[in-house]
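Student: Sequence plus predicted model, see below.
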Amino acid sequence: MQSDFPEKRNIHLFFIEVKYGPRCRPANRSAVTVENSERVRDMHVLITGGAGFIGSHLAERHLAAGDQVYVVDNLSTGSLANIDSFRGNPAFRFAEADILHWSGLDKAIAWADRIYHMAAVVGVKKVLEDPVAVLATNMTGTERVLRAIHSGGWNPQVIIASTSEVYGFNEKDSFAETDHIVLPSAGRLRWAYAVTKLADEFLAFSYARKYGLNIVVVRLFNTVGPNQVGHYGMVVPSFVNQAVRNQALTVYGEGNQTRSFCDVRDTVVALDRLAGCPEAWGEVVNVGNDQEISIRDLAKLIVQRAHSASRLEFMSYKDAYGEEFEDVTHRRPVLNKLRALTGFEPVWALNDTLDDLIEKARVKTLRAA
C-alpha cells in the first residue's frame, strides 16, 4: 500500500465527469458497457468496507476505469481474498483498520473525489450475535465519516449505503422511497440493523442539508454475485454451495416469502451513476432488481440449474436463529426513481447469475477436494 497521497486537484471532477445529459442518463444503451470512456479518469475513490462483497466489486470497477482506489476494511466480514488481485496495482491502496478508530480517515477523505461508505455489520446472524457492534459500527462509523467530510474542506461525491430493511413490516408488495417505514417497538434485536441504517440516513441528510454535501443515500435490496459468502445468512450462496455438493437446501419457514435479487455487477453500475449525478444528491434511491421470486422457488431453481440431487429441507426461524423471528413477506423495489435519474436497467438476469455462481462453486469445490 502506498502511504502518501497526491496533491488535491483544484477542480471538482463531478463538474466535468459525466456526459449523460440533464438527468444523468446514458446517451444510449451502448453506454452501459462503454461508459468508462465517457468519464474523466484518475478519479480518487475511497471505499470504506472495500474488502467486502459489494465494496470489492466497486474497487474492481473503478480500477478498470483508470481511477485510483483506496480501500479501508477491518476484515471482520470482508476478506483479503476479495482484493488480492488488486494489490499489485499501483493505483490501489489498502488499509486494514476499523473505521471507528482509523487515524488515516481525515487524510483519506481529504484526498477523495468520491466516497462509497459501505462499512457496516451486515447479515441477520451477525446482527443477532453482536448487536453492540452493529450499533457502534453502523451509526458511529457513519457519523465519523460525515464529520470528516464536512471538516475536510472538500466536497466529494458520497454514497451512503442503506438497506431495504428500513421498510420493515410495511405490508405493501413493493416499496418506493416515499413509502412509510413500519418497524416494531423496542426489544426485537433482529431489527437493530434496520434501525441503525435508518439513523445513518438521517445523519446523511442532516449533514447534506446543513453543509451542502453531495450525498446520495442508496437503499440496497438483495444483492448477489461472485465473492458473496453464506456465513451470515445470505441465501443465494448458501443454496448454491449446498446444491453443488448435493446437500439439502435449508429453507427457513415455508419458503413463501419473496425477494428480488440484483447481481452485484449491476449494483455497482447503479451506484457509480448515482454518485456522479447532481440531481441525485440529497436523495434516497432504491437500488436493486424488481424481478421477484419466492425463496422456495429460488431453491428449486438452483437445484434445477445445478443438475443437483439436493432436496429441500425446511427449518423454523426459531431453530435457525435461536429465538422467535418475524420475517417480511415481500421485499421488491420500485425502481422508477433510479431509472429516471440514471436510465439504469439490470443486465444480469437471475438465471445467468445463478449459472455463473454455480460454475464458480463447482470449481472451488473441485480445488478443495
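Tutor: Yep, that arrived.

Student: burial count for Val328?
Tutor: 17 (other Cβ atoms under 10 Å). Where C-beta positions appear, they are placed from N, C-alpha and C, glycine not excepted.

Student: quick one, helices of the stretch 201-350 of the chain?
Tutor: Using DSSP state H, counting those that start in this stretch, the helices of the stretch 201-350 of the chain run over 235-244, 264-275, 295-305, 317-321, 336-342, 350-368.

Student: Out of the ones you listed, the one nearest Leu220 is which?
Tutor: helix 264-275 (7.0 Å; Cβ to Cβ).

Student: And the contacts of that closest one?
Tutor: 20, 24, 26, 32, 53-54, 57-58, 61-62, 114, 116, 157-159, 216, 218, 220, 223-226, 228, 280, 285, 287-289, 338, 341-344, 346-348 (Cβ atoms under 8 Å, 6 or more residues apart in numbering).

Student: Please list only the buried members of those residues.
Tutor: Burial of the contacts of helix 264-275 was assessed by neighbour count (16 or more other Cβ atoms under 10 Å); the buried members are 20, 24, 26, 53-54, 57-58, 61-62, 114, 116, 157-159, 216, 218, 220, 223-226, 228, 280, 285, 287-289, 338, 341-344, 346, 348.

Student: In strands, which of those appear?
Tutor: Among the buried ones among the contacts of helix 264-275, the ones falling in strands (DSSP state E) are 114, 116, 157-159, 216, 218, 220, 223-224, 285, 287.

Student: Just the closest of these to Leu135, please.
Tutor: Leu220 (19.6 Å).

Student: for Pro333, what are its contacts?
Tutor: 164, 174-175, 219, 221, 260, 286-290.

Student: and if we set it to 7 Å?
Tutor: Applying Cβ atoms under 7 Å, 6 or more residues apart in numbering to Pro333 gives the contacts 164, 174-175, 221, 260, 286, 288, 290.

Student: swap in Glu143?
Tutor: So Glu143 contacts Leu203 (Cβ under 7 Å, 6+ apart).

Student: likewise Glu292?
Tutor: Neighbours of Glu292 in contact, by Cβ under 7 Å, 6+ apart: 258, 260, 332.

Student: Among those, which lie within strands?
Tutor: 258, 260.

Student: now the ones in strands among the buried ones among the contacts of helix 264-275 in CSV, with pLDDT?
Tutor: Below are these laid out as CSV (pLDDT from 0 to 100):
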residue, pLDDT
Arg114, 98
Tyr116, 98
Gln157, 98
Val158, 98
Ile159, 98
Val216, 98
Val218, 98
Leu220, 98
Thr223, 97
Val224, 98
Val285, 98
Val287, 98
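
Student: In TSV: those residues, plus distance to Ala248.
Tutor: Below are those laid out as TSV (distance: Cβ to Cβ, whole Å):
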residue	distance to Ala248
Arg114	44
Tyr116	37
Gln157	46
Val158	44
Ile159	38
Val216	41
Val218	35
Leu220	29
Thr223	25
Val224	21
Val285	38
Val287	33
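
Student: and stretch 358-365, which residues are buried?
Tutor: 358, 361.

Student: oh, I was asking about stretch 248-264
Tutor: Neighbour-count burial for stretch 248-264 [16+ other Cβ under 10 Å]: 249-252, 255, 257-264.

Student: how far does that stretch stretch from start to finish?
Tutor: 26 Å (Cα to Cα, to the nearest Å).
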